[in-house]
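In: Okay, here's the prediction I keep looking at, along with the sequence it came from:
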Amino acid sequence: MVIMVVMMIMTLTTVAKAVDTNNVFDPCSDSAVQKSDGFTFGIAFSMKESFFFDQIQLSPCDQRLSLSSLNAQLAVFRPKVDEISLLTINTSTIHPSMYGGHMVAFAGRKYAARSTPAFVADSTHTISSFTLVLEFQKGTLQNLYWKKFGCASCATHSSFVCLDDQDCAIPTSNCKNHGGSVDCNIGIQLTFSGTDKNDKVLNSWYEVKNLRQYSLYGLFSDLRDSFIGQYDRLF
């Protein structure tokens, strides 16, 4: 499995400098974290079927999946616990449609927490905006969820299409890595829920939930031209 360098992590909130007490940097190792710790997790890109063994979905850490033999791609991130973050994967170096078109977020070994496979891209459509929730119990990751907000946000752009009444997508032919003019970088709004190892409640998911379908892209003015402005120039 090829390890990709973290392309970008931007946080919405500004907090006082805190000590990172988590010394676990391997996404396939277990850790118990508190607020403001760094937390390492991975996102694997491959075919949907490659994440299953005997019809059971396994963690990408499980060697029974043999993802390395399938040339699966891996991005590793280390955001701060309970900060709303915008994670970016540069599609000029990783092409989801060429590696099976699906991604699974994961971390840990004992609980082997993993998300369901999320469709990213194929030869026809590309989805570039996602929201991921990491759910903890007493500081240990239990689950990872992809959250959907529907297609209301793509109604104003004629070139966007709604897939399964859940995701806004653009034609893959418009992406730079397919000869178009749009970067189509993958943006992941990352949030947290549950409790940390000190039983403090993690609230960032509820903050995003209250924003509903509004993308965090709009809250990062310095990213607007590269993530939203390029779409506007298509119409």
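Out: Happy to help now that I have it.
In: which residue is nearest the middle of the protein?
Out: Nearest to the mean C-alpha position of the chain, counting by C-alpha atoms, centre = their mean, stands Ile188 at 4.1 Å.
In: distance of that residue from Cys175?
Out: 17 Å (C-beta to C-beta, to the nearest Å). Every residue, glycine included, has its C-beta placed from N, CA and C.
In: need the contact list for Leu70.
Out: Leu70 sits next to Ser46, Met47, Ser50, Gly100 when contact means C-beta atoms under 8 Å, 6 or more residues apart in numbering.
In: Of those, which belong to strands?
Out: Counting by DSSP state E, the contacts of Leu70 place Ser46 in strands.
In: okay, the contacts of Leu70 in JSON lines with pLDDT, neighbour count and distance to Pro60 next?
Out: Converted to JSON lines, those look like this (pLDDT from 0 to 100; neighbours: other C-beta atoms under 10 Å; distance: C-beta to C-beta, whole Å):
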{"residue": "Ser46", "pLDDT": "96", "neighbour count": "24", "distance to Pro60": "8"}
{"residue": "Met47", "pLDDT": "96", "neighbour count": "15", "distance to Pro60": "12"}
{"residue": "Ser50", "pLDDT": "97", "neighbour count": "21", "distance to Pro60": "9"}
{"residue": "Gly100", "pLDDT": "93", "neighbour count": "24", "distance to Pro60": "12"}
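In: Among the contacts of Leu70, which one sits closest to Gly179?
Out: Gly100 (21.0 Å; C-beta to C-beta).
In: Would you report the backbone torsion angles of the closest one?
Out: The phi/psi pair for Gly100 (degrees, to the nearest 10) reads phi 100, psi -20.
In: Check Ser204 too.
Out: phi -60, psi -30.
In: Same question for Arg78.
Out: Dihedral pair for Arg78: phi -140, psi 80, per degrees, to the nearest 10.
In: you'd agree it is up against Asp37?
Out: No: the criterion here is C-beta atoms under 8 Å, and Arg78 misses it with Asp37 at 9.7 Å.
In: Tell me which of the two has more neighbours.
Out: The neighbour count for Arg78 versus Asp37, taken as other C-beta atoms under 10 Å, is higher for Asp37 (23 against 16).
In: separation between the more buried one and His95?
Out: Distance from Asp37 to His95, by C-beta to C-beta: 33 Å.
In: Asn198 too?
Out: Asn198 is 41 Å from His95, by C-beta to C-beta.
In: And those two? Which one has more around it.
Out: Shown here are Asn198 and His95; by other C-beta under 10 Å, His95 has more neighbours (17 against 11).
In: residues contacting the more buried one?
Out: By C-beta under 8 Å, 6+ apart, His95 lies in contact with Ala121, Asn177.
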